[in-house]
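**Student:** mind folding the following:
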Amino acid sequence: MNATVVVIPTYNEVENIQRIIHAIFDLPIALDILVVDDNSPDGTAALVQQMMANIPELQLIVRDKKDGLGPAYVHGFTVALAKGYTYIFEMDADFSHPPKALVSMLLLLQEDKTDLVIGSRYKKGVRISQWPISRVMLSLGASLYVKCITGLPVADPTAGYVGYHKKVLKAIKLEDIRFKGYAFQIALKFWAWKEGFRIYEFPIIFTDRTKGESKMNSSIINEAIFGIIAMKWKSITKKKKKNE
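**Tutor:** Okay, the predicted model is just below:
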């Protein structure tokens, strides 16, 4: 077992999963991959199982049903922590997150320059390829909304390409984060910040998927809008209780 693991949640990613696994293992760093599949009907898990026969660093969890991004990551992170990994990454299977950035992001953690590193689309301008302007504006608006509501000093709070030192995930009560969509990403960064951990944004070029379908929908957006307000209120009441 290596010290680093990349957790990849999947649902109907059979067109991407083999390519992304090979791209990650081709990097000049030692790491493992943990695929968390929500019982994809397209055979994603079966393909990963086939690959596992020749790749001992590849692991798979198959969940009973599609239950959202957040629960998949909580499951994956919990398993990764139990196994004793020091550095735990999350990334998508669709190549929107450039695998090569893992090398630099991991080095920042290994050299103790940060506790949490974000592959950021907005750290140095807008670094997005192949998104329509409407989607870019929606994402930028969401980032501004999150910063206004929470005060989180992060340019890309909804980013899903993140590396954690294990102490961050151990300090956050993962089981208490019930968000299913991208609000989960915001919550992890918010609570890490509240716990006083160092956050570093590493600029990447985000490229829209070319294969498979996006999982974005209106329920995910609504969860983020109202869930972030509830999360902020929870942090206020939590602080009040500590001061009483």
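
**Student:** where do the strands sit along the chain?
**Tutor:** Counting by DSSP state E, the chain has strands at residues 4-10, 32-37, 58-62, 87-90, 116-120, 128-129, 162-165, 199-203, 206-207.

**Student:** pipe those into TSV and attach mean pLDDT, distance to A187 and mean neighbour count per row.
**Tutor:** (Each C-beta comes from the backbone N, C-alpha and C, glycine too.) Listed next are the strands of the chain as TSV, based on pLDDT from 0 to 100; distance: least, CB to CB, whole Å; neighbours: other CB atoms under 10 Å:
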stretch	mean pLDDT	distance to A187	mean neighbour count
strand 4-10	97	16	25
strand 32-37	98	18	25
strand 58-62	97	21	18
strand 87-90	98	13	24
strand 116-120	97	13	25
strand 128-129	82	23	14
strand 162-165	98	12	24
strand 199-203	97	14	18
strand 206-207	90	21	20
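
**Student:** got those strands as a markdown table, with distance to I20 columns?
**Tutor:** Formatted as a markdown table, those follow (distance: least, CB to CB, whole Å):
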| stretch | distance to I20 |
| --- | --- |
| strand 4-10 | 7 |
| strand 32-37 | 9 |
| strand 58-62 | 11 |
| strand 87-90 | 13 |
| strand 116-120 | 14 |
| strand 128-129 | 17 |
| strand 162-165 | 16 |
| strand 199-203 | 19 |
| strand 206-207 | 13 |
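
**Student:** for H97, find the nearest of those strands.
**Tutor:** Among the strands of the chain, strand 116-120 comes nearest to H97, with 5.8 Å by CB to CB.

**Student:** and stretch 148-166, how far out from the chain middle?
**Tutor:** 10 Å (CA atoms, centre = their mean, to the nearest Å).

**Student:** below-threshold pLDDT in the protein: ranges please.
**Tutor:** The chain contains residues with pLDDT under 70 at 209-220, 224, 238-244.

**Student:** out of the strands of the chain, nearest to P153?
**Tutor:** Judging the strands of the chain by CB to CB, what sits closest to P153 is strand 199-203, at 7.8 Å.

**Student:** the closest one pairs with which strands?
**Tutor:** Sheet pairing of strand 199-203 (DSSP bridges) gives strand 116-120 (parallel).

**Student:** now what about the partner strand, what contacts it?
**Tutor:** 91, 97-98, 101, 105, 108-109, 127, 154-156, 159, 161-165, 168, 189, 192, 197-204, 206 (CB atoms under 8 Å, 6 or more residues apart in numbering).

**Student:** tell me how far L174 lies from K167.
**Tutor:** Distance, L174 to K167, by CB to CB, to the nearest Å: 13 Å.

**Student:** swap in T44?
**Tutor:** Using CB to CB, one gets 32 Å for the distance from T44 to K167.

**Student:** kindly report the same for I133.
**Tutor:** Using CB to CB, we find I133 at a distance of 40 Å from K167.

**Student:** those two: which has the busier surroundings?
**Tutor:** The residue with more neighbours, out of I133 and K167, is K167; 13 against 7, by other CB atoms under 10 Å.

**Student:** and that one, what is it in contact with?
**Tutor:** Applying CB under 8 Å, 6+ apart, we find K167 in contact with 115, 197.

**Student:** so that it lines up with my notes, have the first residue be 36 from now on.
**Tutor:** Understood, numbering begins at 36; the last thing we discussed is K202.

**Student:** so how far is stretch 88-99 off the chain centroid?
**Tutor:** 19 Å.

**Student:** before we move on, what about stretch 36-48?
**Tutor:** Its chain's C-alpha centre and that of stretch 36-48 lie 10 Å apart, by CA atoms, centre = their mean.
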